[in-house]
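S.K.: Quick one: sequence and predicted model below, then my questions.
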Amino acid sequence: MRKIVILTGAGISAESGLGTFRDEGGLWARHRIEDVATPEGFARDPALVQGFYNARRMQAAKAAPNAAHHALARLEAEFAGAVVIVTQNVDGLHEAAGSRAVIHMHGTLAGALCADCGHRWDAPPEMSPAHACPACAMPAARPDVVWFGEMPYFMEEIWTHLEEADLFVSIGTSGNVYPAAAFAQHAMRAGADTLELNLEPSVNARDFAQARHGKASEIVPQWVQEILARA
Ligand code: APR
């Protein structure tokens, strides 16, 4: 096996204390998506949106990677072939665990973006609508995260990774949001084996040839150990 492509979602960071979106009491049970995760919501009330992401940025800054993040970093370091992580998460826990090949398709809380000129810079812990863009000085700073209705980042590169994968693994995602929910089928059509590692079957569980259910901090290290023992 030469190349493993791994998709991760909020479930891999749940045991690091970061909330998921659609579980009981998740983020979308407490905030309306249209208010805090759309360009229209940001235009309507930038302070509300900045406040939502400031809270998540502070929480993420305090969180530590869990055994699942560390296991994926170990896989990348010790597996003879290539390991690429495509994450829907905006936290930095994969990098904090030591993973290097990490693609943030939904952006990151650590990034700031100017809605006017497109300039990007490192986000301060707290962002405010009054903050001027360091490049064009317009008060148009926003979190560099991908909102509903916007194009995820690095899609060309991601489709190519999926077409080159021998194994596609999905960890901690409910399979509700496209295009990530289409990755398993895309990889399988290109000949990859597919495995879902999740607390419970996702809505696209039928797209996977194999599945294991349980907490990421338990089933991901087990799976990594098996892969490295086989190699
Ligand atoms: N271990 C493994 N899986 C877990 C754990 C855990 N400890 N806890 C929860 N899960 C699983 C849940 O069963 C669920 O299937 O993680 C998944 C989380 O699903 P969502 O909350 O929908 O999060 P995600 O799939 O990452 O959402 C995708 O939606 O709102 C947008 O941009 C946002 O990136 C996000 C995207």
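M.R.: That came through, no problem.
S.K.: ok, how many other residues are close to the closest residue to the ligand within the chain?
M.R.: Nearest residue of the chain to the ligand (Cβ to the nearest ligand atom) works out as residue 11 at 2.2 Å. Where you see a C-beta, it was placed from the backbone N, CA and C, and this is true even at glycine. The tally of other residues near residue 11 (other Cβ atoms under 10 Å) stands at 25.
S.K.: who touches it in this structure?
M.R.: Residues near residue 11 by Cβ atoms under 8 Å, 6 or more residues apart in numbering: 20, 171, 172, 173, 174, 198, 199, 216.
S.K.: which among the residues you listed are in contact with the ligand?
M.R.: 20, 172, 173, 174, 198, 199, 216 (Cβ under 6 Å from any ligand atom).
S.K.: What about the fifth one, how many residues nearby?
M.R.: Residue 198 is surrounded by 24 other residues when neighbours are defined as other Cβ under 10 Å.
S.K.: Which secondary structure elements does the longest strand anywhere in the chain sit against?
M.R.: Longest strand of the chain, by residue count under DSSP state E: strand 107-114. With contacts defined as 3 or more Cβ pairs under 8 Å, 6 or more residues apart in numbering; DSSP states H and E, strand 107-114 has these neighbours: helix 46-62, strand 120-122, strand 141-145.
S.K.: how about the residues of the chain near the ligand?
M.R.: 9-11, 14-15, 20-23, 26, 88, 106, 172-174, 176-177, 198-200, 202, 215-216.
S.K.: Try it again at 5 Å.
M.R.: For the chain, the residues in contact with the ligand (Cβ under 5 Å from any ligand atom) are 9-11, 14-15, 20-22, 88, 106, 172-174, 177, 198-200, 215-216.
S.K.: So which of those belong to helices?
M.R.: residue 216 (DSSP state H).
S.K.: Sort out for me which of the residues of the chain next to the ligand are in strands.
M.R.: Going by DSSP E, the strands hold residue 198 from those.
S.K.: Quick one: buried ones out of the residues of the chain next to the ligand?
M.R.: 9-11, 14-15, 20-22, 88, 106, 172-174, 198-199, 215-216 (16 or more other Cβ atoms under 10 Å).
S.K.: quick revisit: just checking: what are the partner strands of the longest strand of the chain?
M.R.: strand 120-122 (antiparallel), strand 141-145 (antiparallel) (DSSP bridges).
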